[in-house]
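>>> Output the structure for:
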Amino acid sequence: MCLLLGPAGVGKTLLVKRLQNLSSRDGTGDLGEPPPTRPTVGTNLTDITAQRKITIRELGGCMGPIWSSYYGNCHSLLFMIDVSNPTQLSASCMHLLSLLSAEQLEEASVMILFNKIDLPCYMTIEEIKSLMRLPDIIACAKQNITMAEISARKGTGLAAVLRWLQDTHRTNS
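Sure thing, here's the model as predicted:
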């Protein structure tokens, strides 16, 4: 099981739809126009097939207070941050700290996704690392943490996310 978490409006649902589309094409090809999405109320379970079946459980951002109810059986965690929304950054940092300190997630591999790099007003990964003090957070974390800049809308960086999921679930399952 892979958990997909992040504040409301960061692009989690679009990411899952794009990864599902990409996995059906063996990680290649043009993804076309982004599919329509609606805010997730509750949870969505999506299976992607990338050498093996990987189930992604997306939890709506408004469910943050009860995310911990879903930590069991979690092999990997995708945590999304909207790099075009600086007002959400402190909440994202607090969510991330909470996730990384959760005992049930100590063995999970973590990928932090910096989404919406296609927008003109996005913060660079270096700016976010500095503002969130990510090097310090990562140094103290028990998890193996990977970071990636992506655009779920344009498809930028999604092949690397799919590869990470494949590699993570090959070794952790």
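>>> Surely Ala108 is in contact with Leu77?
Yes. Ala108 lies in contact with Leu77 (Cβ atoms under 8 Å); the separation is 5.0 Å. Placement of C-beta: from N, CA and C, glycine included.
>>> overlap in contacts of the two?
Counting by Cβ atoms under 8 Å, 6 or more residues apart in numbering, the residues touching both Ala108 and Leu77 are 3, 143.
>>> residue ranges of the helices in this protein, please?
For the chain, applying DSSP state H gives helices covering 12-24, 89-101, 125-132, 134-140, 158-172.
>>> Deepest-packed of these, please.
Highest mean neighbour count among the helices of the chain (mean count of other Cβ atoms under 10 Å): helix 12-24, with a mean of 21.
>>> if we look at that one, which residues are touching it?
Residues outside helix 12-24 that contact it (Cβ under 8 Å, 6+ apart): 4-6, 31, 34-35, 37-40, 44, 46, 48-50, 56, 58, 61, 78, 80, 113, 115, 150, 152-153, 155, 158-159, 161-162, 165.
>>> Check the most centrally placed residue in the chain and give its pLDDT.
The centroid of the chain falls nearest to Leu78 when counting by Cα atoms, centre = their mean (3.0 Å). Note on Leu78: pLDDT of 98.
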